[in-house]
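> sharing a model that was predicted from the sequence below.
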Amino acid sequence: MPLLRFPILVILLVSSAPAFARQVRIDIETALALADKKEYVSAVGILAPCLKATSPTKYSNLEDCLFHGDKITEKAVRPLASRYEKETNYGRTGVQFQNWPGVARYLEMGLDPRLGYYGGTIYEHEFLRHLRDLFPNSKYRDVYEYKLLERGENDMASGQQWVDALKSYRSQYPNGRYFINATSDLANAYDDLWEILRPNSQHEHHEYFSVGDQETDTQRSEQYRALALDLYEELTRYDQAPDPYQLSLLQDARQRHKTLNDRKPSHSFYILND
C-alpha cells in the first residue's frame with residue numbers, strides 16, 4: 001500500500017494546477033461590463049492591481065489587463081475636470097483638484113490624473129507605460145508606441161523629433177491600430193509648417209522655425225505643403241475606420257486636402273501650444 005502514495009500525490013498536484021492558475025487571473029470581463037455601465041471607479045479598481053505587478057507572469061492575463069485598464073481609465077478620467085469645475089466653481093471653493101473626492105479613488109489606485117493648463121484632464125497612461133515595461137514585444141505594441149509618443153511643439157527641433165517619430169510609427173506599423181491617427185498627425189504637422197514658413201508669413205512663431213533665410217524657408221514650406229497634400233490624399237482613400245474618432249479624421253482630411261490645395265491656411269495648429 002505505501003507504494004501507492006506517491007502516484008496519488010502526483011495526480012493530486014497535477015489536477016490542482018489549473019485551479020491555481022485560475023486564482024491568479026484578473027476579472028477583465030466584469031471590469032468591461034462595469035465600464036459599459038459607466039461605473040468607472042469599480043471597473044478601474046478591478047484592474048488596478050496590475051499596475052503593481054513586477055513580473056509579466058504575476059497574473060495569467062496581465063498583458064490584457066494593462067491594455068484594457070488603459071482604455072477604461074482614459075474614459076474614466078476624461079470627464080473629471082469638468083465635474084471638478086462644476087462642483088467646486090472652478091476651484092473657487094478652495095478644494096484643489098488633487099484633494100477633490102472625485103479623483104481621490106484614482107490616486108489611491110496608483111494613477112495621477114491632473115488638470116490640464118488649458119482645461120481637461122491629463123492622463124499619463126500609467127497602464128500603457130507599465131505594459132511597455134513588462135511586455136516590450138506585446139501584441140499591443142502598436143497601441144502604446146503611438147499613445148506614448150512625445151508630442152513636439154513650439155520650435156523646429158521639438159517639432160522635427162515628433163515628425164520623425166510619426167514617420168517611424170507609420171513605417172513600423174502599416175497595419176497598426178493607430179496608423180490613421182499617426183498619418184493625420186503627420187499631415188497636420190506638415191500643414192502647420194507650411195503655414196508658418198510660407199512666403200510673407202507674419203506668424204508670431206516664425207522665428208522659432210525659420211533658418212533665417214527667406215528663400216530657404218519658402219522652399220521648405222513648399223516641400224511641407226506637398227508632403228501634407230500627399231498624406232491627406234492617402235487618408236481620402238480610406239472608405240471606413242475602426243471607430244468614430246478615426247472616421248472624423250478621415251472626413252477632416254478630405255476637406256483639408258481641398259482647402260490646402262487652394263493654399264488656404266487652416267489656422268488650426270497641431271505643432272504649437274501657447
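Great, that's in hand. Residues are numbered from 1 along each chain as shown.
> residue boundaries of the strands in this structure?
Ranges of strands in the chain, per DSSP state E, are 114-115, 121-122.
> parallel or antiparallel, which strands does the first one pair with?
Spelled out, it's strand 114-115. Sheet pairing of strand 114-115 (DSSP bridges) gives strand 121-122 (antiparallel).
> on that earlier part again, make TSV out of the strands of the chain and add distance to Leu231 and mean pLDDT.
C-beta: built from backbone N, CA, C; applies to glycine. Converted to TSV, the strands of the chain look like this (distance: least, CB to CB, whole Å; pLDDT from 0 to 100):
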stretch	distance to Leu231	mean pLDDT
strand 114-115	32	94
strand 121-122	28	94
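> nearest to Val41, out of the ones you listed?
strand 121-122 (14.6 Å; CB to CB).
> and the residue sitting nearest the centre point of the chain, how close does it get to Leu229?
Note on the chain: the residue nearest the mean C-alpha position is Lys147, at 2.9 Å, using CA atoms, centre = their mean. The gap separating Lys147 from Leu229 is 27 Å, by CB to CB, to the nearest Å.
> cool, and Tyr140?
With distances taken as CB to CB, Tyr140 is found 32 Å from Leu229.
> per-residue pLDDT, the residue nearest to the centre of the chain?
You'll see Lys147 listed with a pLDDT of 97.
> residue contacts, it?
Shown in contact with Lys147 (CB atoms under 8 Å, 6 or more residues apart in numbering): Asp70, His125, Leu128, Tyr178.
> take these and write them to JSON lines, including neighbour count.
Output for those, formatted as JSON lines (neighbours: other CB atoms under 10 Å):
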{"residue": "Asp70", "neighbour count": "23"}
{"residue": "His125", "neighbour count": "17"}
{"residue": "Leu128", "neighbour count": "25"}
{"residue": "Tyr178", "neighbour count": "21"}
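> in TSV: these, plus distance to Ala35 and pLDDT.
As requested, the contacts of Lys147 are arranged in TSV below (distance: CB to CB, whole Å; pLDDT from 0 to 100):
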residue	distance to Ala35	pLDDT
Asp70	12	98
His125	17	97
Leu128	16	98
Tyr178	21	97
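> of the residues you listed, which belong to helices?
Members of the contacts of Lys147 lying in helices (criterion: DSSP state H): Asp70, Leu128.
> now the contacts of Lys147 in JSON lines, with distance to Gln223?
Below are the contacts of Lys147 laid out as JSON lines (distance: CB to CB, whole Å):
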{"residue": "Asp70", "distance to Gln223": "36"}
{"residue": "His125", "distance to Gln223": "33"}
{"residue": "Leu128", "distance to Gln223": "34"}
{"residue": "Tyr178", "distance to Gln223": "25"}
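> my guess is Asn181 meets Val143, correct?
No: using CB atoms under 8 Å as the test, Asn181 is too far from Val143 to be in contact (10.5 Å).
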